[in-house]
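[1] Any chance you could fold what I've pasted below:
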Amino acid sequence: MKSRILIVFVLLWSASIYAAQPPDAGKVSANAGSLLQGRFDNRPQLSKAPSGAENPIPHVVVTIEPTSQKDWSLWHVHIETDAETSFDQTWAMQTRVEHDGSGALIPYYQFKQTSEPVASAFTPEGWLSLEACALRGDFTKARIEAMSEGEPCVAVSMSVGARRALLPVGFVREGNTLHLDMNLRGVRTRIDADRT
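    Predicted coordinates:
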């Protein structure tokens, strides 16, 4: 009788340990890494946008490239608000599996970014975490959807200054399109950028 109780206890304990483990972090990172690579341009969105809008959608190009550091990528964001005005910012993104099995991209920034960082020379040292702006959500083989929590991100990103407008606060990646949510001119704006 005691041996049966012991066997049942061991089986229940093993099942609880297995259930508490998150999915393979390597698979989540690999899926995110392969889906989130490439150059994405919203020029097709601009061609369909109505003219004369109060807050016109800017031209946005996002280039996402892997680094030699495992689970890290660089997001080069380029925004043209008009023919004479453009802004550039590069974010380092670390892919992570959360305790509940969901995926997350943690943004990092350089305090003084004087030149565009190069993926082949990237190291995380010298980059500051924006953990409160983590993009959390579902990472699958064919689709990634994630968003940051509003208020904590706003509070933390104030230290970044005007560059925070170039920080994605949500995204969906599926098919050939990267749908980005950005806070442009204080307005949450959806950017639909196609892989080029």
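[2] Mind naming the longest strand for the chain?
    strand 85-97 (DSSP state E).
[3] I'd like to know which elements it is packed against.
    Contacts defined by 3 or more Cβ pairs under 8 Å, 6 or more residues apart in numbering; DSSP states H and E place strand 85-97 against helix 25-35, strand 72-82, strand 103-110. Bear in mind the C-beta positions are built from the backbone N, C-alpha and C, glycine included.
[4] Which one, of the ones you listed, ends up nearest to Val62?
    Across the helices and strands packed on strand 85-97, Val62 has its closest neighbour in strand 72-82 (5.5 Å, Cβ to Cβ).
[5] Now do the buried residues in the closest one.
    Neighbour counts over strand 72-82 (16 or more other Cβ atoms under 10 Å) mark Trp72, Ser73, Leu74, Trp75, His76, Val77, His78, Ile79, Thr81 as buried.
[6] In TSV, list those residues along with pLDDT and distance to Ser120.
    What follows is these, written out as TSV (pLDDT from 0 to 100; distance: Cβ to Cβ, whole Å):
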residue	pLDDT	distance to Ser120
Trp72	95	12
Ser73	95	13
Leu74	96	10
Trp75	96	16
His76	96	14
Val77	96	19
His78	96	20
Ile79	95	25
Thr81	86	30
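[7] Could I get those residues in JSON lines, plus columns for distance to Trp91?
    What follows is the buried residues of strand 72-82, written out as JSON lines (distance: Cβ to Cβ, whole Å):
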{"residue": "Trp72", "distance to Trp91": "11"}
{"residue": "Ser73", "distance to Trp91": "9"}
{"residue": "Leu74", "distance to Trp91": "7"}
{"residue": "Trp75", "distance to Trp91": "5"}
{"residue": "His76", "distance to Trp91": "8"}
{"residue": "Val77", "distance to Trp91": "7"}
{"residue": "His78", "distance to Trp91": "12"}
{"residue": "Ile79", "distance to Trp91": "13"}
{"residue": "Thr81", "distance to Trp91": "19"}
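[8] Name all residues that make contact with Gly126.
    Counting by Cβ atoms under 8 Å, 6 or more residues apart in numbering, Gly126 touches Gln110, Phe111.
[9] So what are the sheet partners of the longest strand of the chain and their directions?
    Applying DSSP bridges, strand 85-97 is found paired with strand 72-82 (antiparallel), strand 103-110 (antiparallel).
[10] would a markdown table of those strands with distance to Gln45 be doable?
    As requested, the strands paired with strand 85-97 are exported to a markdown table (distance: least, Cβ to Cβ, whole Å):
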| stretch | distance to Gln45 |
| --- | --- |
| strand 72-82 | 13 |
| strand 103-110 | 22 |
